[in-house]
Structure formats: C-alpha cells, structure tokens
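Trainee: sequence plus the predicted model coming up.
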Amino acid sequence: MTTSTINTIAQYHNAGYPIVAVETVEERRLIADVIEHFGDDANEYQLMGIAAAGGLVDLKQGIAIDPRCQFPAAFDQATQRDNVILVVRDWQHIVANGPAYRPLLDRIDALKGCGALVLLLAPSWNLPAEMAHDCPIIDQALPSRDDLQKALNVVCSATGLNVSKPDALLDAATGLTLEEAESAFALSAVECGQLDPSIVEREKIQLVRKSGHLEYWPAVDGDQVGGLDGLKSYVTDEVLPVQDDPQLRVRGVLLVGVPGTGKSLSARAAGSLLGWPVLRLDVAALKGGLVGQSEQNMRAALKLAEAVAPCVLWLDEVEKGLGGFASSAQTDGGTTLGMVGHLLTWLQEHQSPILTVATCNDFSKLPPELTRAGRFDERFFTDCPTPAERDAILRVHLERFGCTFADDLIGNVSRLTDDWTGAELEQLVKSAARRTGRQPTLDVCRELTQQIKPIATVQRDSIRKLRDWAKDSLRSANSPLGGDGPTRRIRQSSPGLN
C-alpha cells in the first residue's frame, strides 16, 4: 500500500475536505489502496466509483449500483448517503467545462454535511480557477521498496528463479510503477533466464525516452575529457564522497564559459564519475502553447528525474530557456516566470540524489535567483584550454579517430593553436584525418589552422569581457598552468577566447 498517499487522503477527509484530486498513473493501485484502507468491515464507508463510460459501481463488492449513472448524477448519489467515498476517473477530460465542474461545486456543502469525499484521479490536473481553492491536488507516491519487493516476489514465485542481487534489482526498479517494475522483472526472466538489474535499468531508461520531456545520454569516460582538471577534481573530491549523505550532498553545478570548451561533455563525464545515468533537459523545449502547459511540463520533467534518481540532470544552455525572465509577465503571459519559479523551488528543496549540471554561454541572461548560493553549490568558468590541456585534447581525438601520427605532432600542433577551443581542436583533427587517410601531418595541420577561424579571434572583445568578469566571479574549471600550482587564474591578457 502507498501509505503516505492514503494517509494524506485520509487527513484531508478527516479535516472536512469534500473534494481531493490525485495525480497518478496507477489508478488501479490507488483504488486497491483506497479499498484496503477505507473498505474494512469495521468502517462504515461506502466506496463507489464512476468513469467516463458511465455506470456507478460498488468498489468493495464489484457490482453495479446504477448502470446508467453519469457524472452529475453520481455527485447527487454521493450526497444521498452517509460516509461515501466516490472515486471519479476520466473527469480530467471535461473538467474545464462549466457544465462539468459546476454541479460538483454546487454540491460542496451537501458533501460536507454527509461526510462524503469525491476523489478525482488523473495522470495530471489543470483545474479551473473556480475549483482551485476547493480542491487540493496531491501526488501518488511511487511504490516503496517493500512494494517493489512484493512485485519481485511475485515474479520469483511465477518463474521459479532465485535472486542473486536483490538490492541491485530493487535499486534498478526504484522510480518505476508497480506494474512497470513487475513487467521489467518478468522481461528479464524471459530475456536472459535470470533477474538482471541491467535489464530493469534499461526499461527505466525507456520511460525517459517515452516521456518527451527528458533525453537519456550515455555517460562519457572522464579520460575522454581533455583537461578541465579543476572541475574533474571537484567531482571526485567533493561530489563523489558525499553523494550518499542527504545533508552534505552537492545539489548542482553551474558551468559558464566559451562555447566549445567542454561544458556539455563535462556534464556527461560527471555521470561516468558518479556511475549515474545522464538525463538532458532542454528547458526551452518545455514551453507549450496552452495556458499552464509549460509549468506542467516542467513539473513532469523534474518528477521523472526524481523517479529515475540517482542521476545527473543536465540543463543544457539553460539561458535559452530561462532568458527573458524579468519581462515574462509582459512578453509571454508569465510562462517563463512560472517555469523559473518551479525550477527554483525544486533546486532548493528536492531531497533526491540528483546532481544538476547547468551549462550556460551567456551568464547575463540568467535570473539572479537561479545563480545564488543554495541552488548551485559551485559555479565554474570553462576557458580555452591551456597548452597541457590542448596536448591532452589533441591526443584524445587523434586516438578516437584511429590516426597514425608522429611523436612530435601533438606538441607542434598545440603551439599553433593557442586560444583554440576543444571543439575547434576536434574539428582540426577530424579534417586532417580526412585529408590524409588518418595519417595527419604537421603541414596539413598548419594549413588547416589558417582555414579554421577560432571563436576567440572572431569574437575577441566579447570573450575578453567574459574573461574579465569571470576572473572575480567564478571558479576556474581548467587545469593548472603549471604542474604544482593551484587551479590557474583566468587569463585576461590573451587576445581572445572562447
């Protein structure tokens, strides 16, 4: 039983609330919990249910009370008996219409008088303003570990399989509904003849893909990120050791810097270092055309991230989705304002093991409320790579593209590419590999350095301004310039950056 959800429903009922809406994708489980909690013979409750197809039924007995009954008449039925709990399904499809919600609102006093409770069930709710103050909305809690254990026991009993890694299986199933977990366990049994946590984890990732709000991205090994030792050290030394400590756990990191300097790659590398899946959230893509849709999409995305946790939540180019926050009331009817408000509250209050990694190219477009302490534990600046970092980046890409190269190629090319970004170095190696059949030479690379225009040169003034600001405002993500010094100071005098 989802004890917390049922207890919350019972508390609202005992406090005299005649209507409660529940957001749930497991209506059968919730109805079973309602029957178990309120249907005891010692209680005097009469449990009734109705759905879009019509027909009022006795939930405890499973028999029809009035086969022709529809929604408005069902509300009348609830007021004609004492201690009725009426479970209503499918009503979210018509709730926005006055003829649908007005009959229920007109019966509030009558429902209170006879101790009745109308329980509205739907995957999501967007109640009309007329109902918002009379009807609290609660979320059905996901299955507890005990609930998942029961589902696992059912599959073990049916298949005759023994469980060698019960904790790993339950960890993998955390965030799934009860039916989803049981199906994932059964699929593992059929697919490989055993209960494999990796298959259950794979099915959970499928939920992310189906949601449309989040994207699953494979983690990247930290060795594939050349340089950025300041950031990688922070993850290994400060994030990783306390990931299981709710009080000290790092909630989020903000990465600001020149485009192409490895911010997005670092978010995926954090997943590898922590051993967590990486979920990408495109904030701009959450905006919808209907009133309240954007905020609802944000809630759904963050709720799904919590279901999949532990995970890395990657907010890519967050300024594009949250830009215009200050003028939102005038420009988009408050849509961005509502989205930011929900995100800010979640960043501050959520207790799930989630590391939020937000990347940003233009810090000035972010609302100050988002960047203050408490939302992000640390803010980093990713600059163009140092000479040692360029060496590491060039080696990573030469090996990734399967190139054969002379021993001195890396050092010589590195000296030709001062103030190049990692993305530009990757493009140089890729182009050289194409031209030489994966046997790049210094002459070809030198020719390419004349053709590729680095962003530090193209946007010289804006990058210098960004560096000057970041020097006193952000922590450097790059590797130290020397081998034994602290993380390097952000360069100011170089001619450009990105």
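Mentor: Perfect, I can see it now. Since this is a predicted model, take the numbers as computed values, not measurements.

Trainee: test my guess that Val308 contacts Arg209.
Mentor: No - proximity of Val308 to Arg209 does not meet the contact threshold set by C-beta atoms under 8 Å, at 11.4 Å. Every C-beta, even on glycine, is put in place using the N, C-alpha and C of the backbone.

Trainee: for those two, work out which one has more neighbours and name it.
Mentor: Val308 (24 against 10; other C-beta atoms under 10 Å).

Trainee: the more buried one: what's its closest spatial neighbour, skipping adjacent residues?
Mentor: The shortest distance from Val308 to any residue that is not its chain neighbour, by C-beta to C-beta, 6 or more residues apart in numbering, is 5.0 Å, and that residue is Gly175.

Trainee: shouldn't Asp40 be within a helix?
Mentor: No - Asp40 sits outside any helix when classified using DSSP: H, G, I helix; E, B strand; the rest coil, being coil.

Trainee: please report how far it lies from Leu59.
Mentor: The spacing between Asp40 and Leu59, counted by C-beta to C-beta, to the nearest Å, is 13 Å.

Trainee: please apply the same query to Ala53.
Mentor: According to C-beta to C-beta, Ala53 and Leu59 sit 15 Å apart.

Trainee: comparing the two, which shows the higher neighbour count?
Mentor: Leu59 (21 against 8).

Trainee: so who does the more buried one touch?
Mentor: Residues near Leu59 by C-beta atoms under 8 Å, 6 or more residues apart in numbering: Ile31, Val34, Ile35, Gly39, Leu47, Met48, Gly49, Val87.

Trainee: next one: Cys403
Mentor: In this structure, Cys403 makes contact with Val429, Ala432, Ala433, Arg438, Gln439, Pro440, judged by C-beta under 8 Å, 6+ apart.

Trainee: elements contacting the helix or strand the first one falls within?
Mentor: Taking DSSP states H and E as the criterion, the element that holds Val429 is helix 422-436. Applying 3 or more C-beta pairs under 8 Å, 6 or more residues apart in numbering; DSSP states H and E, one finds that helix 422-436 makes contact with helix 387-400, helix 442-451.

Trainee: can you pull the buried residues of that helix?
Mentor: By 16 or more other C-beta atoms under 10 Å, the buried positions in helix 422-436 come out as 422-433, 436.

Trainee: what does it contact?
Mentor: Everything outside helix 422-436 that qualifies as a contact, by C-beta under 8 Å, 6+ apart, is 226-227, 259-262, 265, 385, 389-390, 393-394, 397-398, 401-403, 413, 417, 420, 440-441, 444-445, 448-449, 452, 454-455.

Trainee: give me that answer again for 7 Å
Mentor: Under the criterion C-beta atoms under 7 Å, 6 or more residues apart in numbering, residues 226, 260-262, 385, 390, 393-394, 397-398, 401, 403, 417, 440, 444-445, 448-449, 452, 454 lie in contact with helix 422-436.

Trainee: what's the mean pLDDT across it?
Mentor: Across helix 422-436, the average pLDDT comes to 96.

Trainee: tell me which of the helices and strands packed on helix 422-436 sits most buried.
Mentor: Each of the helices and strands packed on helix 422-436 was assessed for mean neighbour count using mean count of other C-beta atoms under 10 Å. The highest is helix 387-400, with a mean of 20.

Trainee: dump that one to CSV, keeping only the CA atoms.
Mentor: Coordinates of the C-alpha atoms in helix 387-400 are reproduced here as CSV (Å, rounded to 0.1, in the frame of the first residue of the first chain):
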residue,chain,number,x,y,z
PRO,A,387,48.9,24.2,-23.5
ALA,A,388,48.9,21.0,-21.5
GLU,A,389,45.1,20.7,-22.0
ARG,A,390,45.5,21.2,-25.7
ASP,A,391,48.0,18.3,-25.8
ALA,A,392,45.5,16.1,-23.9
ILE,A,393,42.6,17.1,-26.2
LEU,A,394,44.6,16.5,-29.4
ARG,A,395,45.7,13.1,-28.2
VAL,A,396,42.1,12.1,-27.3
HIS,A,397,40.8,13.0,-30.7
LEU,A,398,43.8,11.5,-32.7
GLU,A,399,43.3,8.2,-30.9
ARG,A,400,39.5,8.4,-31.2
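
Trainee: what residues does it touch?
Mentor: With C-beta under 7 Å, 6+ apart as the contact definition, helix 387-400 has outside contacts at 224, 226-227, 385, 405, 410-411, 413-414, 417, 422, 425-426, 429, 478-479.

Trainee: ok, of the residues you listed, which one's closest to Asn7?
Mentor: Gln224 (47.8 Å; C-beta to C-beta).

Trainee: tell me the contacts of that closest one?
Mentor: So, once contact is read as C-beta under 7 Å, 6+ apart, Gln224 ends up touching Val396.

Trainee: any idea of the pLDDT on it?
Mentor: The per-residue pLDDT of Gln224 was computed as 85.

Trainee: quick one: the strands in the stretch 201-350 of the chain?
Mentor: Here the stretch 201-350 of the chain has its strands, by DSSP state E, counting those that start in this stretch, at 215-217, 252-257, 278-281, 311-315.

Trainee: need those strands in TSV (columns: distance to Pro143, mean neighbour count and mean pLDDT).
Mentor: Listed next are the strands of the stretch 201-350 of the chain as TSV, based on distance: least, C-beta to C-beta, whole Å; neighbours: other C-beta atoms under 10 Å; pLDDT from 0 to 100:
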stretch	distance to Pro143	mean neighbour count	mean pLDDT
strand 215-217	22	17	87
strand 252-257	27	25	94
strand 278-281	21	22	91
strand 311-315	18	26	93
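
Trainee: those strands: which one's closest to Asn153?
Mentor: For those, the distance to Asn153 is smallest for strand 311-315, at 27.0 Å, taking C-beta to C-beta.

Trainee: so which elements touch that closest one?
Mentor: Judged by 3 or more C-beta pairs under 7 Å, 6 or more residues apart in numbering; DSSP states H and E, the packing partners of strand 311-315 are helix 263-274, strand 278-281, strand 354-360.

Trainee: burial count for Asp282?
Mentor: Burial of Asp282 is recorded as 17 neighbouring residues (other C-beta under 10 Å).

Trainee: leaving out chain neighbours, which residue sits closest to it?
Mentor: With sequence-adjacent residues excluded and distances taken as C-beta to C-beta, 6+ apart, Asp282 is closest to Asp316, at 6.2 Å.

Trainee: now for the one you found: which residues touch it?
Mentor: Contacts of Asp316 (C-beta under 7 Å, 6+ apart): Ser264, Arg280, Asp282, Thr359.

Trainee: ok, of those residues, which one's closest to Lys465?
Mentor: Sorting the contacts of Asp316 by how near they are to Lys465, with C-beta to C-beta, puts Thr359 at the top with 19.4 Å.

Trainee: give me the nearest residue to that closest one, chain neighbours excluded.
Mentor: The shortest distance from Thr359 to any residue other than its chain neighbours is 4.0 Å, reached at Lys263 (C-beta to C-beta, 6+ apart).

Trainee: same deal with Leu322?
Mentor: Ranked by C-beta to C-beta, 6+ apart and with sequence neighbours excluded, the top spatial neighbour of Leu322 is Val340, at 5.6 Å.
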